[in-house]
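**Q** Okay, sequence plus prediction incoming.
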Amino acid sequence: MDRKKILKKTTSVLGSVARWVFLISVGYIALYPIFVMISNSLMTMDDVLDQSVVYVPKTITFENFQTAFERLDFYNSLKSTLLIPILSGMIEVVTCAITAYGFARFNFREKNFLFGLVIATIAVPSTLLMIPQYTGFYNFDPLKIIAMFNKLTGQNLQINFLNTGFTMWLPSLFSVGLRSGVFIFIYRQFFKGLPKEFEEAAYVDGANPLTAFVKVIVPSSTVPIVTVTVFSLVWHWNEYYTTNMFLAESNRPLAVMLKIIAGDTKLANGVRMAGALIFIIPVLTVYLILQRKFIKSIDKVGIVG
């Protein structure tokens with residue numbers, strides 16, 4: 001056999017081996033924590049104390065899941081999660097698209113300055129805004145209108161949004177919610193790459209900007225919509241700090257309840273692992289459903305423009 005062919009074949013084999021080693025290593029790093037969670041959540045206390053048991057339990061039990069369900073107050077916590085963080089995330093998917101379309105397609109005064117402020121919201125940690133947000137929701141008074149009304153009537157009216165969904169719905173409605181700056185940036189980059197002839201053809205047919213956006217731009221924007229939806233669902237599902245700050249015990253979502261379980265040293269390790277599994281299964285399910293579109297979208301979004 002020719003020496004060049006041998007060298008080429010050897011290089012190809014070594015390249016394949018290197019790829020497989022890399023993929024197996026990455027897969028191991030990604031899947032190992034999940035494997036440990038599953039293993040520990042199925043162990044009895046005897047298996048935990050038995051030094052001969054490492055990963056495979058001698059006796060499989062589902063009592064840890066039952067206890068985790070009860071400690072999570074799963075159904076009430078899931079209801080709060082869907083009605084407050086997840087709903088606010090879905091609101092952001094819509095409102096951030098509208099805001100980004102305005103930045104991408106229309107020219108107005110101080111446009112670049114305002115978009116710079118949007119980018120700044122990405123860099124500023126949300127923890128720095130917690131105190132003014134807390135006081136603002138505790139005594140909600142935009143433009144001091146209620147304070148003026150109090151002076152005129154002599155009454156002391158106060159709107160307190162703490163422990164309600166408005167603490168997350170209102171920021172999302174005005175495109176300033178959790179990670180809104182990232183979502184606006186993703187949408188804007190994509191909208192700038194769309195041909196303006198799309199809207200111009202709609203304007204010729206008598207459409208206004210809103211109609212052109214809804215009937216022309218949105219159907220052509222599956223890529224950023226899928227990307228933002230997946231990011232929004234995951235980030236809002238996992239959000240702990242904001243929900244713990246603004247929501248009381250009656251409205252605590254799953255992320256807060258899981259944190260409480262994780263910090264309870266009286267609970268068995270298997271219960272905490274079972275709680276973590278219960279928490280991540282819905283997110284993994286959604287990702288498995290959307291993974292094909294999401295992977296295609298993430299390759300394209302942010303590149304155009």
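**A** On my side now, so go ahead. Numbering: from 1, shown residues only.

**Q** mind giving me the domain ranges of this protein?
**A** For the chain, whose domains are defined here by automatic domain parsing, the residue ranges read 1-61, 62-300.

**Q** most packed of those domains?
**A** Stretch with highest mean neighbour count among the domains of the chain: domain 62-300 (a mean of 16; mean count of other CB atoms under 10 Å). To be clear about C-beta, it is placed using only N, CA and C from the backbone, and glycine gets the same treatment.

**Q** now that one: how far from the chain's centre is it?
**A** Its chain's C-alpha centre and that of domain 62-300 lie 7 Å apart, by CA atoms, centre = their mean, to the nearest Å.

**Q** Could you pull up the mean pLDDT of that domain?
**A** With pLDDT averaged residue by residue, domain 62-300 scores 87.

**Q** Next: stretch 15-22.
**A** Mean pLDDT, computed over stretch 15-22, is 90.

**Q** Send me it as CSV with only the CA atoms.
**A** Coordinates of the C-alpha atoms in stretch 15-22 are reproduced here as CSV (Å, rounded to 0.1, in the frame of the first residue of the first chain):
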residue,chain,number,x,y,z
GLY,A,15,-9.2,11.9,14.1
SER,A,16,-12.2,9.6,14.6
VAL,A,17,-10.8,8.2,17.8
ALA,A,18,-10.2,11.8,19.1
ARG,A,19,-13.8,12.8,18.2
TRP,A,20,-15.2,9.8,20.0
VAL,A,21,-13.0,10.5,23.1
PHE,A,22,-14.1,14.1,23.1
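
**Q** name the element the residue nearest the centre of the chain belongs to?
**A** Ranked by distance to the mean C-alpha position of the chain (CA atoms, centre = their mean), the top residue is W235 at 1.9 Å. Here W235, judged by DSSP states H and E, is contained in helix 222-238.

**Q** Can you name the element that comes right after that helix?
**A** If you walk from helix 222-238 toward the C-terminus, the next helix or strand you reach (DSSP H and E) is helix 241-246.

**Q** List the residues that contact A255.
**A** Counting by CB atoms under 8 Å, 6 or more residues apart in numbering, A255 makes contact with 81, 85, 237-240, 243, 279.

**Q** ranges for the helices of the stretch 201-305 of the chain?
**A** In the stretch 201-305 of the chain, helices defined by DSSP state H, counting those that start in this stretch lie at 209-212, 222-238, 241-246, 254-262, 269-300, listed in chain order.

**Q** swap in the stretch 1-150 of the chain?
**A** Per DSSP H, counting those that start in this stretch, the stretch 1-150 of the chain has helices spanning 3-41, 45-49, 63-72, 74-81, 87-105, 111-123, 130-138, 145-153. These are given in chain order.

**Q** would you list those helices in JSON lines and tack on distance to R272?
**A** Below are the helices of the stretch 1-150 of the chain laid out as JSON lines (distance: least, CB to CB, whole Å):
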{"stretch": "helix 3-41", "distance to R272": "8"}
{"stretch": "helix 45-49", "distance to R272": "12"}
{"stretch": "helix 63-72", "distance to R272": "8"}
{"stretch": "helix 74-81", "distance to R272": "15"}
{"stretch": "helix 87-105", "distance to R272": "26"}
{"stretch": "helix 111-123", "distance to R272": "33"}
{"stretch": "helix 130-138", "distance to R272": "27"}
{"stretch": "helix 145-153", "distance to R272": "45"}
